[in-house]
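Engineer: have a look; sequence and predicted model below, questions after that.
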Amino acid sequence: MSDKEKIVIALGGNALQSGKGPATAEAQLEVVKQTCNYIAEITCRGYEIAIVHGNGPQVGRILLASEYAKDATPAMPFDVCGAMSQGYIGYHIQQCLKYALNLRNKNVQVVTVATQMIVEESDPAFQNPTKPIGQFYSEEEAKELTEQKGYIMKEDAGRGWRRVVPSPLPRRIVEIDAVKRLWDSTIVITCGGGGIPVIEKDNGMLEGTAAVIDKDFAAELLAEQVDADCLMILTEVEKVAIHFNTPQQQNLDKMTLSEASKYVEEGQFAAGSMLPKVQAAMKFVRANPTKKAIITSLDKSLEALEEKTGTIITFA
């Protein structure tokens, strides 16, 4: 693998679709085009990258469509819905990113790898669903879905109610050797939606399971395994904040590992929102004390790499 600075980029939902626009594939493609302009600029600055993306809204819609059509065609298992989201989101990103790179006269291949992620059957997350998927609902609509379909619904950081599903920790990237071989010549889109969750049986067989792995933890594991110099998590906000959405809100330029731990213990970060991003950043710098993680918005990504904005998380 190359000795250029390596970055694993985790793309949040706002980099894939607009919360204000229609939830169509065409609308998503327009958002992804803008996203890929930023990513192309990062690549043109000499960084080598891999891309991990979320799939919460998309896999929720695929699952919902499958369930509503069950009288006409068999409903797809949850892991298959995850694989479908990997395919079409990856297709959008690789198409738009390749075009953005061509406009900049940079001839680099972009490839999506259908990626399986091994999780443990005993993971306690299976007994405590926390990962939001699909669209937002009002409290009344959420109660109806709980009664009618048995969904587990939770309020999501003041933005509305969403269905939640198990989110086990990622343990091993099945296709990691292929990603490493591709690295020097190709921008790889991998671990999409956190990876397709699979359980390894005693005979070595892999079996899909009903879960959605958090893409930030998947990106962290990938960053460790490719020996990345930086884990960059792109989200809706420019900086991490404590006392969020209160008169005392304080945006953070930097956090050490100990400071981040203190804020987590205080409950400063919302579960299913900023908390997994901060925890993934902490895990990366804990395992790589000389390296850094960055949490920032897509439009500030280049400035954040130059340490002009964003929240930079370091060991000390």
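Structural biologist: Perfect, I can see it now.
Engineer: and Gln249, how many residues sit next to it?
Structural biologist: Neighbouring residues of Gln249 were enumerated by other CB atoms under 10 Å; the total is 10. No exception for glycine: its C-beta is placed from N, CA and C like everyone else's.
Engineer: my bad, Val285
Structural biologist: 23.
Engineer: ok, Leu145 next?
Structural biologist: The burial count assigned to Leu145 is 17, neighbours taken as other CB under 10 Å.
Engineer: and what of Lys70?
Structural biologist: Residues contacting Lys70 under the criterion other CB under 10 Å number 10.
Engineer: what about the stretch 51-200 of the chain, any weak spots by pLDDT?
Structural biologist: Under the criterion of pLDDT under 70, none of the stretch 51-200 of the chain is flagged as low confidence.
Engineer: could I get the full set of helices for it?
Structural biologist: Read by DSSP state H, counting those that start in this stretch, the stretch 51-200 of the chain holds these helices, from start to end of the chain: 56-68, 78-103, 139-149, 176-182.
Engineer: Ile42 contacts Glu306, correct?
Structural biologist: No. Here Ile42 does not reach Glu306: they are 11.1 Å apart, not a contact under CB atoms under 8 Å.
Engineer: I figured Asn107 hits Leu101, correct?
Structural biologist: Yes. In this structure, Asn107 sits in contact with Leu101. The criterion is CB under 8 Å, and the distance is 7.4 Å.
Engineer: in a markdown table: the helices of the stretch 51-200 of the chain, plus distance to Phe315.
Structural biologist: Converted to a markdown table, the helices of the stretch 51-200 of the chain look like this (distance: least, CB to CB, whole Å):
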| stretch | distance to Phe315 |
| --- | --- |
| helix 56-68 | 30 |
| helix 78-103 | 31 |
| helix 139-149 | 40 |
| helix 176-182 | 24 |
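Engineer: out of these, which is closest to Gln116?
Structural biologist: Ranking the helices of the stretch 51-200 of the chain by their distance to Gln116 (criterion: CB to CB) puts helix 78-103 first, at 8.8 Å.
Engineer: what angle do that closest one and helix 56-68 make?
Structural biologist: For the pair helix 78-103 and helix 56-68, the angle between their directions (axes from the mean of the first three to the mean of the last three CA atoms, to 10 degrees) equals 130 degrees.
Engineer: which secondary structure elements does helix 78-103 contact?
Structural biologist: Helix 78-103 sits against helix 25-44, strand 48-53, helix 56-68, strand 109-112, strand 186-189, strand 196-200, strand 206-208, with contacts defined as 3 or more CB pairs under 8 Å, 6 or more residues apart in numbering; DSSP states H and E.
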